[in-house]
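> got a structure for you, letters missing:
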């Protein structure tokens, strides 16, 4: 048993180092990049609360006020911490984003390995995640710090949930709940976490065969409550802030369906990527 554990550890260490190297080979260049005029000013360098760094008043402000038409206090605090440590220096802020993404890629590997027991398949998926072109916007754009942070906490949620499902304890459950809460406080995109955990319970954990469904549902209630709070706060933060450019609800609904299809295609074949994707109707007007 000891030799098996030692063998697994010796396999995982090179994988962790390889993932780290992959991320820095691809995204390390961003430490030479400047600010981007899309939203970086709102998130960092023109926000007096952010540029003044961490303080009790600024921490309180992060949790009680909307920032850049969002409520994501953990993301705001991360920008404050960067300003506290490095000042308003884009190179250092890019450095922090790459570090967070590196940790996220490593956490994805450990989470998938814990869930499936397939170490090399997990390593491959984590490597694809680490350097996939769709990650470029999140890692290279300082205003998308919320995405790399939520990705990290999402992977940690999966890892903690896998640990809880295999050996139930209150501590393990609370760790999973804490990771999910921090992810939601980084970006509200993680409102689907309760459903994701149910899917994981079904496969690969196979808990639907061994436990009562009602118990599995009750476990997700605290996660759902956190998600609901995040959703309500997001609706309030973005009320009146999102410009629909005169498009009707039906056109926006149709565009959402098309966008899902495009995202799935770009996941497999990441081409035709751009900073902005204008609505097709704009081309018809011109």
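Sure, I can see it. Because the structure is a prediction, the values reported are computed rather than measured. Numbers count the residues shown, from 1 in each chain.
> What's the end-to-end length of stretch 130-139?
Here the two ends of stretch 130-139 are set 10 Å apart, with distance taken as C-alpha to C-alpha, to the nearest Å.
> Check stretch 48-67 too.
One end of stretch 48-67 sits 11 Å from the other (C-alpha to C-alpha).
> and it, what's its mean pLDDT?
In this model, stretch 48-67 carries a mean pLDDT of 96.
> Then stretch 165-183?
If you average the pLDDT values across stretch 165-183, you get 97.
> And stretch 193-203, by the same measure?
Here stretch 193-203 scores 97 as its mean pLDDT.
> Distance from that stretch to the middle of the chain?
Its chain's C-alpha centre lies 17 Å from the corresponding centre of stretch 193-203 when counted by C-alpha atoms, centre = their mean, to the nearest Å.
> now the strands for the chain?
Assignment of strands within the chain using DSSP state E yields no ranges at all.
> Could you list the low-confidence segments of it?
Across the chain, residues meeting the criterion (pLDDT under 70) sit at 1-9, 240-246, 280-286.
> try 80
Filtered on pLDDT under 80, the chain yields the residue ranges 1-10, 239-249, 276-286.
> Would you mind giving the domain segments of it?
Domain assignment for the chain by automatic domain parsing gives 2-242, 246-286.
> winner for burial among these?
Mean neighbour count, computed with mean count of other C-beta atoms under 10 Å, is highest for domain 2-242 among the domains of the chain, reaching a mean of 17. No exception for glycine: its C-beta is placed from N, CA and C like everyone else's.
> Centre of the chain to it, how far?
When distances are taken as C-alpha atoms, centre = their mean, domain 2-242 is centred 4 Å away from the chain's centroid.
> how much space between residue 141 and residue 35?
In this view, residue 141 and residue 35 are 10 Å apart by C-beta to C-beta, to the nearest Å.
> ranges for the helices of the stretch 51-200 of the chain?
Assignment of helices within the stretch 51-200 of the chain using DSSP state H, counting those that start in this stretch yields the ranges 56-64, 73-86, 90-116, 119-131, 136-140, 145-166, 170-184, 193-202.
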